[in-house]
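I would like the atomic coordinates for the input below:
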Amino acid sequence: MVKKGGKNMKLVYGHTDSIYVQMPMEQTEEILALLNNHVRKEFPNLLGLEEHPIVLEHEKYFQSLGVGTTKNRNAGLINWKDGKYLDEPEFVMTGFVAKRVAITEIEKFIQMKVLRMWVEKTPESEVTTFLKTWYNKVISGDIELEKLTNRSRYKPEKLTFKCYNCNKQSTSKELVELEIDYCTKCGSEKTLTTLEGKRPSISQGTEGLLWYNQQSFSEEIEDSYLYVRVSDIPTRPRYKNPVTGEWKRPRYVSAPTQKLLEEIATTPDYHHYGNALVKKAEPIYRAMGWDLDKVKFDINQKTLDEWW
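Predicted coordinates for the structure are as follows:
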């Protein structure tokens, strides 16, 4: 808590060239003038510029602001901006994964909804009930596959590798077709890196793409594609990992269209996606000190105290 000129201000958050201070709206102009006068006294304009190089300005007023425990992660409702009150509060958020393209539709919906509930000061019990409802829907399979689907694009350079010793490049398709464990150019034991010289990793959509292209479909994926995580079932065909040469069942499958994906991804890993929803709410629960375990708690279960 900072006190200036008889006015109380609580510094809430700071980032790069901005600070967030809690104060009544009617006091902002008066406090801003006090702060600017203080800055001019503490940091004289030694260069003689027409305007002091440090000027504090009032840009926005939040009627509510939620600040996460991780740097640059916050959300709020703005009701004053650029010198005027807004007709409707404007929801803004920074640093949360809901802004990313590479998340599923359901994950984005859940995080955006929980963020709105957070800044609208919805009680913990109501937020938990909302999350529990959707968590149970997802793990029971009561959701369209399209809402669990991720999108990506085939990038040949990501599936091209080079020999660690001689830099000979090979595509994933060439490596799959080889039945040898040594480099055909230098003869050394096969040790591969990415084109950037990093350790290769085959996961998620890339694994699904490799699996799809090694099956007997009419055409290979060579552009954009969809993928989803699936449960491990013994009847699913294996694919060959081009880096290790290992044959394994995929945890992700891909397809060029949603229709085809729904035909081949008959056993989505619903528990994985249910846990992903809970994880999207975790930053808000951690910031508020709420109990996230209640989301997964079955009302039919008894606590240890109840058993005793």
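
pLDDT score assigned to residue 303?
pLDDT for residue 303: 53.

And residue 1, by the same measure?
47.

Give me the pLDDT for the residue located most distally from the centre of the chain.
Farthest-out residue of the chain from its mean C-alpha position, per CA atoms, centre = their mean: residue 48, at 47.0 Å. With respect to pLDDT, residue 48 scores 80.

cool, and residue 39?
86.

Correct me if wrong: it contacts residue 57.
No. Residue 39 is beyond contact range of residue 57, at 11.9 Å (criterion: CB atoms under 8 Å). Just so you know, the C-beta spots here come from the backbone N, C-alpha and C atoms, and that holds for glycine as well.

So for the two, which residue has more residues nearby?
residue 39 (14 against 7; other CB atoms under 10 Å).

Tell me which residues touch that one, please.
52, 54, 56 (CB atoms under 8 Å, 6 or more residues apart in numbering).

Can you tell me the SS state at the last one?
Yep, that's residue 56 we're talking about. What DSSP: H, G, I helix; E, B strand; the rest coil gives for residue 56 is coil.

need the contact list for it.
So residue 56 contacts 32, 35, 36, 39 (CB under 8 Å, 6+ apart).

same thing but 6 Å
For residue 56, the contacting residues are 32, 35, 36, by CB atoms under 6 Å, 6 or more residues apart in numbering.

go on, residue 12?
With CB under 6 Å, 6+ apart, residue 12 has these contacts: 20, 22.

Run through the bridge partners of the nearest residue to residue 150 once chain neighbours are set aside.
Nearest residue to residue 150, sequence neighbours excluded (CB to CB, 6 or more residues apart in numbering): residue 227, at 5.4 Å. Beta-bridge pairing for residue 227 (DSSP bridges): residue 150, residue 254.

who touches residue 227 in this structure?
Residue 227 touches 150, 205, 208, 252, 254, counting by CB under 6 Å, 6+ apart.

which SSE is the third one in?
Okay, so that is residue 208. Using DSSP states H and E, residue 208 sits within helix 204-213.

I'd like to know which elements that helix is packed against.
For helix 204-213, the helices and strands in contact under the criterion 3 or more CB pairs under 6 Å, 6 or more residues apart in numbering; DSSP states H and E are strand 252-255.

can we see that at 10 Å?
Packing partners of helix 204-213 (3 or more CB pairs under 10 Å, 6 or more residues apart in numbering; DSSP states H and E): strand 150-153, helix 172-177, strand 224-229, strand 239-240, strand 252-255, helix 258-264.

need those in TSV with mean pLDDT and distance to residue 280, can you?
TSV is the format used below for the helices and strands packed on helix 204-213 (pLDDT from 0 to 100; distance: least, CB to CB, whole Å):
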stretch	mean pLDDT	distance to residue 280
strand 150-153	94	14
helix 172-177	93	32
strand 224-229	97	15
strand 239-240	96	30
strand 252-255	97	19
helix 258-264	95	22
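
Name the stretch among the ones you listed that sits most buried.
Mean neighbour count (mean count of other CB atoms under 10 Å) peaks for strand 252-255 among the helices and strands packed on helix 204-213, with a mean of 24.

quick revisit: could you dump the helices and strands packed on helix 204-213 to JSON lines with distance to residue 20?
Formatted as JSON lines, the helices and strands packed on helix 204-213 follow (distance: least, CB to CB, whole Å):
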{"stretch": "strand 150-153", "distance to residue 20": "34"}
{"stretch": "helix 172-177", "distance to residue 20": "48"}
{"stretch": "strand 224-229", "distance to residue 20": "38"}
{"stretch": "strand 239-240", "distance to residue 20": "50"}
{"stretch": "strand 252-255", "distance to residue 20": "41"}
{"stretch": "helix 258-264", "distance to residue 20": "42"}
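
Filter the contacts of residue 56 down to the ones in helices?
For the contacts of residue 56, the ones inside helices are 32, 35, 36, with DSSP state H as the criterion.

Out of the residues you listed, which is nearest to residue 130?
The shortest gap between residue 130 and any of those belongs to residue 32, at 38.7 Å (CB to CB).

Could you report the pLDDT at the closest one?
88.

Counting neighbours, what do you get for it?
By other CB under 10 Å, the residues close to residue 32 number 16.

List the contacts of the nearest residue to it once chain neighbours are set aside.
Distances taken as CB to CB, 6+ apart place residue 58 nearest to residue 32, at 5.5 Å, with adjacent residues excluded. Residues near residue 58 by CB atoms under 10 Å, 6 or more residues apart in numbering: 21, 25, 28, 29, 31, 32, 80, 81, 83.

Would you mind giving both backbone torsions of the fourth one?
Backbone dihedrals for residue 29, given as degrees, to the nearest 10, come out at phi -70, psi -40.
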